[in-house]
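> just to be clear, the model below is a prediction. Sequence and coordinates:
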Amino acid sequence: MKEYVLFRGCIAPVRLPAYEAATIVVLEKLGIEVSPLNNANCCGANYIESLNEKAFLALGGRILALAEKEGKDILAICGACSGSLKHAKKLIDRRKRVRTDVNELLAKEGLEYTKKVKVKHLLDVFEEDIAFDTLRAAITNQYAGVRMAAHYGCHLTREFDDMNNIEGAKPTIIDTIIRIAGGRPVEYPTKGRCCGAPILAMDEKLAGKVGMEKIRNVRDAGAAGIVTACSYCDIQLSQVQFGGRLEKSRIAVMTLPQFLGPALGILDDELGMHMNRTSPSQILGSLTGVR
Amino acid sequence: MEQTDKRGYRGDFPVRDEDVQGTFKYEVADMVGGEGLMRCLKCGACSGGCPVGSVIDYRPRKVLGNVLLGLKDEVLSSDQIWLCAACFTCEERCVQQVNFTDVVTVLRNMASKEGHAAPGYVKMAEMVRKNGRVSARTGQVDKMREQLGLPPLQDPAVKQLEGIMQAAGLVEVIEANKKKEAEPE
């Protein structure tokens, strides 16, 4: 059985605990064991990185070193976290000088990072550790063709840093999972585009415009909901629908394990379905079988 | 002023000799992550795919052009380097592996040192320094976690973080930028 330490990040445990809970129960069902990474810190993505890269590398290095102490690879569920940890790992692994600097900052705590640990995002786990046949066999309650739009977070699937998606292929994993669960993945313009969340600290109105463009395109494509795999994307795509002029019909936004969970026969309560800001009832109504 | 209400920044020409610092591009290219800058052909593939550029007059190519031209003060003191969403679309499209996002990180680090960090970013960095995460814990969060059968929130290692941030020089950068903000324009 594959085992990971779960790096929760700083957004998910506070603002999106349902994502954290749903990830754990869905992975357990599919034979992947997840244990918490204790005493971890913020990964420093974007904000710390922009102000002082040395501090960013040390924060990332600390998380890598903590996981190394546990002897397990890291599973991150937030796109920003997984992206920044992979980026920090690349910079630390490739340059001895950087590694020495980082380890010097970690030495006070008796921590050391020696390049051993790997970083995976939830989508990598679905791609690499869970065979599609295993997933297919585990489905107990298929969706009856509900139309769903996949939103791939930039830092999970973009070709950059030669750690992610080296061939630059269009990501398909969320669409594949939607199909296996019985849904119908829809294509829409701006599918690969950013949700706007990283610009929130700079200009909320601008971030909202970027996000709303996506929501409108998803609606025009006739989707009942959006499936996300990043804490930031999920919160952003939900909240842009509440800003300013009230949107007539909101598009349901749910995380990948929340969408997949009910099809695996997992109870809504365990997936924190009632905590979603946008109602997933239309999507859940399309589930077949006894629930 | 919000970015969406601003008119395009096309009025900033002609460039004057005294605004140009020819060595600026080498300074940037010498930093880890800045190497790609010198490979830029100014083809504009970055601007074409930019999600921010689809909403406002924001062009990554223009930022790169300004750096290559040597407009150091303008680049480091304006909003342009802080508007990038770090979505990596341009990096994916760039035929020259300029790695615009990495170049922007180098520029932001330089600007921060001079006290020009975007206030929103300084606020978030302070939040991490104080709470160990970018959002604060509330009683409601604890209740939600309990309902979901999740373990209570952990100490996000604030003390260790402070040590690292001090030693790396981040605390100094935060303080310098807070001082700058307090100064009248």
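All right, it came through fine.
> from here on, just use CA atoms for contacts and neighbour counts.
Fine.
> low-confidence ranges in the stretch 151-291 of chain A?
Within the stretch 151-291 of chain A, the segments meeting pLDDT under 70 span A:160-168, A:244-248.
> and the helices in it?
If DSSP state H, counting those that start in this stretch is used as the criterion, the helices of the stretch 151-291 of chain A fall at A:154-157, A:173-180, A:204-220, A:231-239, A:256-263, A:281-284.
> pipe those helices into TSV and attach mean neighbour count per row.
Shown next, in TSV, are the helices of the stretch 151-291 of chain A (neighbours: other Cα atoms under 10 Å in any protein chain shown):
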stretch	mean neighbour count
helix A:154-157	25
helix A:173-180	20
helix A:204-220	20
helix A:231-239	23
helix A:256-263	26
helix A:281-284	15
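> my guess is B:V20 contacts B:L68. True?
No. Using Cα atoms under 8 Å, B:V20 is not in contact with B:L68, being 9.8 Å away.
> looking at those two, which has the bigger crowd around it?
B:L68 (22 against 18; other Cα atoms under 10 Å in any protein chain shown).
> tell me the spacing between that one and A:R94.
Between B:L68 and A:R94 the computed distance is 27 Å (Cα to Cα, to the nearest Å).
> that older thread, now the helices of the stretch 151-291 of chain A as a markdown table including distance to B:E172?
Output for these, formatted as a markdown table (distance: least, Cα to Cα, whole Å):
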| stretch | distance to B:E172 |
| --- | --- |
| helix A:154-157 | 29 |
| helix A:173-180 | 43 |
| helix A:204-220 | 27 |
| helix A:231-239 | 28 |
| helix A:256-263 | 40 |
| helix A:281-284 | 50 |
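> so what's B:E181 up against?
B:P119 (Cα atoms under 8 Å, 6 or more residues apart in numbering or on different chains).
> now name the helix or strand holding it.
helix B:170-182 (DSSP states H and E).
> buried stuff in that helix?
Residues B:170-171, B:173-174, B:176-178, B:180 are the ones in helix B:170-182 that count as buried (16 or more other Cα atoms under 10 Å in any protein chain shown).
> then stretch A:239-256?
For stretch A:239-256, by 16+ other Cα under 10 Å, it's A:239-241, A:250-256.
> from memory B:M124 sits against B:G132, does it?
No. Using Cα under 8 Å, B:M124 is not in contact with B:G132, being 10.6 Å away.
> now for the two: what residues contact both?
Contacts common to B:M124 and B:G132, judged by Cα under 8 Å, 6+ apart, are absent.
> more neighbours, these two?
Between B:M124 and B:G132, B:G132 has the larger neighbour count (other Cα under 10 Å), namely 25 against 19.
> pLDDT weak spots in chain B?
Applying pLDDT under 70 to chain B picks out residues B:1-2, B:4-13, B:184-185.
> contacting residues around A:A67?
A:5, A:37, A:73-74, A:117.
> typed the wrong thing, it's B:G149
Neighbours of B:G149 in contact, by Cα under 8 Å, 6+ apart: A:A21.
> show me which of the buried residues of helix B:170-182 is closest to A:D101.
Checking these against A:D101 with Cα to Cα, the nearest one is B:L170 at 14.6 Å.
> verify the contact between the closest one and A:A58 for me.
No. Between B:L170 and A:A58 there is no contact under Cα under 8 Å: 11.0 Å.
> between the two, what contacts are shared?
Common neighbours of B:L170 and A:A58 (Cα under 8 Å, 6+ apart) do not exist.
> quick one: the nearest residue to A:G182 once chain neighbours are set aside from A:D220, how far?
Nearest residue to A:G182, sequence neighbours excluded (Cα to Cα, 6 or more residues apart in numbering or on different chains): A:Y143, at 4.4 Å. A:Y143 sits 21 Å away from A:D220 when distances are taken as Cα to Cα.
> about what we covered before: can you flag which of the buried residues of stretch A:239-256 belong to strands?
A:252-255 (DSSP state E).
> quick one, domains of chain B?
B:3-113, B:119-182 (automatic domain parsing).
> same check, this time on chain A
Taken from automatic domain parsing, chain A resolves into A:2-122, A:138-284.
> a markdown table for those, including distance to B:K42?
As requested, the domains of chain A are exported to a markdown table (distance: least, Cα to Cα, whole Å):
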| stretch | distance to B:K42 |
| --- | --- |
| domain A:2-122 | 24 |
| domain A:138-284 | 19 |
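> looking at the ones you listed, which is closest to A:A131?
Across those, closest to A:A131 is domain A:2-122 (Cα to Cα), at 9.7 Å.
> ok now the closest one, how far from the chain's centre?
Centroid separation between domain A:2-122 and its chain, computed with Cα atoms, centre = their mean, to the nearest Å, is 14 Å.
> tell me the mean pLDDT for that domain?
Computed over domain A:2-122, the mean pLDDT rounds to 95.
> still on that earlier bit, now the domains of chain B as TSV including distance to A:A18?
Formatted as TSV, these follow (distance: least, Cα to Cα, whole Å):
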stretch	distance to A:A18
domain B:3-113	25
domain B:119-182	7
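> beyond the helix or strand harbouring A:S82, next helix or strand please.
Using DSSP H and E, A:S82 sits in helix A:79-94. Using DSSP H and E, the helix or strand that follows helix A:79-94 towards the C-terminus is helix A:96-107.
> immediately after that next one, which helix or strand?
Downstream of helix A:96-107 (by DSSP H and E), the next one is strand A:119-121.
> contacts for that next one?
A:73-79, A:82, A:85-86, A:156.
> name every strand pairing with it and say which way it goes.
Strand pairing for strand A:119-121, using DSSP bridges, gives strand A:73-76 (parallel).
> mind listing what A:N38 touches?
So A:N38 contacts B:Q154 (Cα under 8 Å, 6+ apart).
> any idea how far B:I56 is from it?
42 Å.
> same deal with A:F126?
37 Å.
> check B:V67 too.
For B:V67 relative to B:I56 (Cα to Cα), the value is 21 Å.
> neighbour-wise, which of the two wins?
Ranked by neighbour count (other Cα under 10 Å), B:V67 and B:I56 place B:V67 first, with 26 against 17.
> right, and the more buried one touches B:E27 too?
No. B:V67 is not in contact with B:E27 according to Cα under 8 Å; the separation is 10.1 Å.
> once you drop chain neighbours, what's closest to residue 174?
You didn't say which chain, so I picked chain A. Going by Cα to Cα, 6+ apart, A:I174 has A:A150 as its nearest residue, at 5.9 Å.
> try again with chain B
Nearest to B:I174 is B:V122, by Cα to Cα, 6+ apart, at 6.3 Å.
> can you list the residues of the stretch 101-250 of chain A near chain B?
Within the stretch 101-250 of chain A, the positions near chain B by Cα under 8 Å from any Cα of the partner chain are A:105-106, A:109, A:154-155, A:158-160, A:168, A:193-194, A:196-199, A:201-203, A:205-206, A:209-210.
> many thanks, I have nothing further to ask.
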